[in-house]
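Novice: how would this look folded up:
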Amino acid sequence: MKNQPLPRTARTDGYAGLGDYAAIGDGRSVALIAPDGAIDWWCAPNMDSPPLFDRILDAKFGGYFQIEPVDDYCMQRQYRENSNVLETCYTTKKGKVRFTESLNSNNAGRLPWCELARRVEGLEGEVDLKLVFVPGTAACTRSSWIGDSAKGQIVHIGDLMAMLRTTSDIEITCVDDQSIEGVFTAKAGSRSLVALLVSDNEPLAVPPLEKIDERIDVSDKNWASWAEHLSYEGVHKKHVVRSALALKFLLYSPTGALAAAPTTSLPEGIGGEKNYDYRYAWIRDACLIIRAFAFIGALEECKAAFSWLTHTIVRHEGKLRACYTLDGDVVPNETYLPLDGYKGSQPVRVGNNAQSQQQLSMFGDMLDTALLFVHAGHVLDLTTARLLASLANECADTWRQDDCGIWELPERRHYTHSKMACWVTLDIAVRLAEDGHIEKTWVNRWSRERDRVSAWVEAHCWSEGKQAYTFYAGSDHLDAAMCLAWYYGKKVNPERMKSTYNAIYAELGHHSPMLYRYSEVEKEESTFVACSFWLVEAWARLDDTQKASDYMETILGNLCDKGNVENFNEMFDVRTGEWRGNVPQGLSHLSLICAADALSRFRDGEKQWHV
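Specialist: Next up is the predicted model:
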């Protein structure tokens, strides 16, 4: 992804813009790199570990790892083609230099240690560079110290051991327990390497520098091989592949879990309290990511993630939780860290209280994913089939209850989206049973209960005044999550659903497809990226491909080709052009893929839809 050179970007109170970060990852952890060459966030060795670098949450005292030209510069960066290896060029008055950065893997997959590699090549003239490595304190719970070993100095950071390795041309000017600094000059034709090796409570491997450097290119080839074997050939392929690569950051390879995002507490609104920890696996997000992977032919990722989901739910005795840790355990309740927060946005959270919420839409997420799996030609095992039937029965028993809804709000209500999702659950259960994928014992019960759900929705969740399905029963507020309920609308009442989408476009988008989540929320947050793409998919699924295509172009024009590398955050502020929320955000990227897939199916004349 190419972009135009950008001038040196000054930080505001020590903070880079939330939309200015580029991610690198290794299938286990993700690091965020600012335009000035600073890695401001990296949880090592895993996405949900305490951060080794956390300056993104505390500019004064957070850890970071930076290589930057000494003189003023312009910056241009892009990912290598079909890869998550990042290339950044800095141009000063005296010369030009290129960084190539990777969290390395090898041909067999992820390494048994963390290997962060930064290759620095001189392209023109001379560029003086400075290096700074400052380990984070994990919210004042650990203090780094230097120890000697036969292979060189080791930085001990709690249970972590880290070694900074450099080529001989780099002069280390300062070494103490809290930081390491160095300087070097890149000249035309020069090639330097800076690498950080990290292990967690285990011996530290110290490979030769040339092997580390070589693995940058091995990692690049592995990313490219994966991307090139995707089956997607539809519209907006460039953006789809980039979003697919972003979703790969979120697949936690040790278990198959899918994180919602690899960051915590990046604010939805500066100075506000909506700063959540997304380093966990949500049933909703995981099911939607699996759906996106299925559309692009990433079978291995679909299988790994769906198997992890079903095994985790069975392990918890068949009871759904909104989210789980990446190892399948219960997510801890929120605690607050003594950090300033991004630009003073507090609290800074670890854990997520949503794990204990009732969210009725999760039944539909699981059944929908199972239907997609079998429609792709695969087979359900007996344990999974029994689990799905049990979930359908639980849905039939509980759909009349209030819940916290898809937006995980503290007010329990009869949210319209939740009820529609229950209708979808029971409809899919009937389809799976009739096709022989799950037991038929309860098929008549599910069919009758499904019809009761739709009758209730049509009677209680429609506003004559708004000519739209409402946010919740008895309200005139609107909810962009209705864009996910196109299947209900197509089957039950297409005209009402189309009218709802027109109302959402007018009220939640202010006559734009850039949508806020629900009525009045724009007072405290920005447009929600996923909702905008959901609207595109919904119109495509309801047969208005022209409107869907027009909206897609508008959305991509807002979000892409503005000097970023398409690592989407959760939200985009159309008033300022700034990004908000955790990054890279799975919902944002998967929704782009699903929207493009829906448009492509109509282009190819395919109108038989899977849910």
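
Novice: can you give me the strands in the stretch 101-250 of the chain?
Specialist: Using DSSP state E, counting those that start in this stretch, the strands of the stretch 101-250 of the chain run over 105-106, 109-110, 114-134, 145-149, 152-157, 160-166, 171-176, 179-187, 191-200.

Novice: how about those strands in JSON lines, adding mean neighbour count?
Specialist: All C-beta atoms are positioned from the backbone trio N, CA, C, and that covers glycine. What follows is the strands of the stretch 101-250 of the chain, written out as JSON lines (neighbours: other CB atoms under 10 Å):
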{"stretch": "strand 105-106", "mean neighbour count": "18"}
{"stretch": "strand 109-110", "mean neighbour count": "16"}
{"stretch": "strand 114-134", "mean neighbour count": "21"}
{"stretch": "strand 145-149", "mean neighbour count": "11"}
{"stretch": "strand 152-157", "mean neighbour count": "17"}
{"stretch": "strand 160-166", "mean neighbour count": "20"}
{"stretch": "strand 171-176", "mean neighbour count": "12"}
{"stretch": "strand 179-187", "mean neighbour count": "19"}
{"stretch": "strand 191-200", "mean neighbour count": "21"}
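
Novice: Phe99: which element?
Specialist: Using DSSP states H and E, the element containing Phe99 is strand 95-103.

Novice: An error on my part: the question was meant for Trp579.
Specialist: Assessed by DSSP H and E, Trp579 sits inside strand 578-580.

Novice: partner strands of that strand, parallel or antiparallel?
Specialist: According to DSSP bridges, strand 578-580 forms sheet pairs with strand 571-573 (antiparallel).

Novice: Go through the strand it pairs with and flag the buried ones.
Specialist: 571-573 (16 or more other CB atoms under 10 Å).

Novice: now stretch 299-314: mean pLDDT?
Specialist: The pLDDT scores in stretch 299-314 average 96.

Novice: circling back to that earlier point, next SSE after the strand holding Trp579?
Specialist: Next helix or strand after strand 578-580 toward the C-terminus (DSSP H and E): helix 586-603.

Novice: any idea of the pLDDT on the residue lying farthest from the centre of the chain?
Specialist: Of all residues in the chain, Ala150 has its C-alpha farthest from the mean position, at 40.4 Å, by CA atoms, centre = their mean. Looking at Ala150, its pLDDT stands at 90.

Novice: quick revisit: pLDDT of the strand holding Trp579, averaged?
Specialist: On average, strand 578-580 scores 96.

Novice: Quick one: residues in contact with that strand.
Specialist: Strand 578-580 has contacts (CB atoms under 8 Å, 6 or more residues apart in numbering) with 17-19, 266-270, 525-526, 568-573.

Novice: Now do that strand: distance to the chain's middle.
Specialist: From the chain centre to the centre of strand 578-580 is a distance of 15 Å (CA atoms, centre = their mean, to the nearest Å).

Novice: Same check on stretch 321-336?
Specialist: Averaging C-alpha positions (CA atoms, centre = their mean) puts stretch 321-336 17 Å from its chain's average.

Novice: got the buried residues for that stretch?
Specialist: By neighbour count, with 16+ other CB under 10 Å as the criterion, the buried positions of stretch 321-336 are 321-326, 328, 331.

Novice: Quick check: which ranges of the stretch 251-400 of the chain have low pLDDT?
Specialist: In the prediction, the stretch 251-400 of the chain carries no residues with pLDDT under 70.

Novice: Name the residues linked to the nearest residue to Gly17 once chain neighbours are set aside by a beta bridge.
Specialist: Residue nearest to Gly17 in three dimensions, not counting chain neighbours: Glu578, with 6.4 Å by CB to CB, 6 or more residues apart in numbering. Listed by DSSP bridges, the beta-bridge partners for Glu578 are Asp573.

Novice: quick one, helices of the stretch 151-300 of the chain?
Specialist: For the stretch 151-300 of the chain, helices defined by DSSP state H, counting those that start in this stretch occupy the ranges 209-228, 237-250, 283-295, 299-315.

Novice: Go through those and pick out the most buried.
Specialist: Mean neighbour count (mean count of other CB atoms under 10 Å) peaks for helix 283-295 among the helices of the stretch 151-300 of the chain, with a mean of 25.

Novice: Between helix 299-315 and it, find me the angle.
Specialist: Orientation of helix 283-295 against helix 299-315 (axes from the mean of the first three to the mean of the last three CA atoms, to 10 degrees) gives an angle of 150 degrees.

Novice: How far does stretch 319-336 sit from its chain's centre?
Specialist: Offset of stretch 319-336 from its chain centre (CA atoms, centre = their mean): 17 Å.

Novice: First residue to last residue on it, what's the distance there?
Specialist: Stretch 319-336 has an end-to-end distance of 28 Å (criterion: CA to CA, to the nearest Å).

Novice: and which of the buried residues of stretch 321-336 is nearest Glu233?
Specialist: Of all these, Glu233 sits closest to Leu326, with 32.4 Å by CB to CB.

Novice: Could you verify my assumption that the closest one touches Ala281?
Specialist: Yes. Between Leu326 and Ala281 a contact is recorded at 6.0 Å, counting by CB atoms under 8 Å.

Novice: residues shared between the contacts of those two?
Specialist: The contact lists of Leu326 and Ala281 share 252, 257, 259, where a contact means CB under 8 Å, 6+ apart.

Novice: export the residues you listed to TSV and tack on neighbour count?
Specialist: Formatted as TSV, the shared contacts of Leu326 and Ala281 follow (neighbours: other CB under 10 Å):
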residue	neighbour count
Tyr252	25
Ala257	24
Ala259	28
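
Novice: In strands, which of those appear?
Specialist: If you go by DSSP state E, the shared contacts of Leu326 and Ala281 have 252, 257 in strands.

Novice: Among the shared contacts of Leu326 and Ala281, which one sits closest to Ser512?
Specialist: The closest of those, once distances to Ser512 are taken by CB to CB, is Ala259, at 30.1 Å.

Novice: show me what contacts that closest one?
Specialist: Neighbouring residues of Ala259 by CB under 8 Å, 6+ apart: 47-48, 250, 252, 278-281, 326, 586.

Novice: Could you look up the next helix or strand downstream of the one helix or strand in the chain whose mean pLDDT sits lowest?
Specialist: For the chain, counting by mean pLDDT, DSSP states H and E, strand 6-7 ranks last in confidence among helices and strands (a mean of 58). For strand 6-7, the following helix or strand on the C-terminal side (DSSP H and E) is strand 22-25.

Novice: where in the stretch 1-150 of the chain is pLDDT low?
Specialist: Applying pLDDT under 70 to the stretch 1-150 of the chain picks out residues 1-9.

Novice: Tell me how far the nearest residue to Val350 once chain neighbours are set aside lies from Gly351.
Specialist: Excluding the flanking residues, the one nearest Val350 by CB to CB, 6+ apart is Thr335, at 5.3 Å. Counting by CB to CB, to the nearest Å, the separation of Thr335 from Gly351 is 6 Å.

Novice: now Cys422
Specialist: Per CB to CB, Cys422 is found 28 Å from Gly351.

Novice: So for the two, which sits in the more crowded spot?
Specialist: Cys422 (30 against 18; other CB atoms under 10 Å).

Novice: Specify the local secondary structure of that one.
Specialist: Of the three states, Cys422 takes helix under DSSP: H, G, I helix; E, B strand; the rest coil.

Novice: for Gly465, same thing?
Specialist: Here Gly465 is coil, with the state taken from three-state DSSP.

Novice: I'd say it and Leu478 touch.
Specialist: No. Using CB under 8 Å, Gly465 is not in contact with Leu478; the gap is 11.5 Å.

Novice: neighbour-wise, which of these two wins?
Specialist: Leu478 (26 against 7).

Novice: Give me the pLDDT value at the more buried one.
Specialist: Looking at Leu478, its pLDDT reads 98.

Novice: repeat for the one 10 residues further on
Specialist: As summarised for this prediction, Tyr488 has a pLDDT of 98.

Novice: show me the contacts for it.
Specialist: Counting by CB under 8 Å, 6+ apart, Tyr488 touches 420, 423-424, 454, 457, 497.

Novice: Output those residues in TSV, with distance to Gly557 and pLDDT appended to each entry.
Specialist: Formatted as TSV, those follow (distance: CB to CB, whole Å; pLDDT from 0 to 100):
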residue	distance to Gly557	pLDDT
Met420	31	98
Trp423	35	98
Val424	32	98
Ser454	37	98
Val457	35	98
Met497	26	98
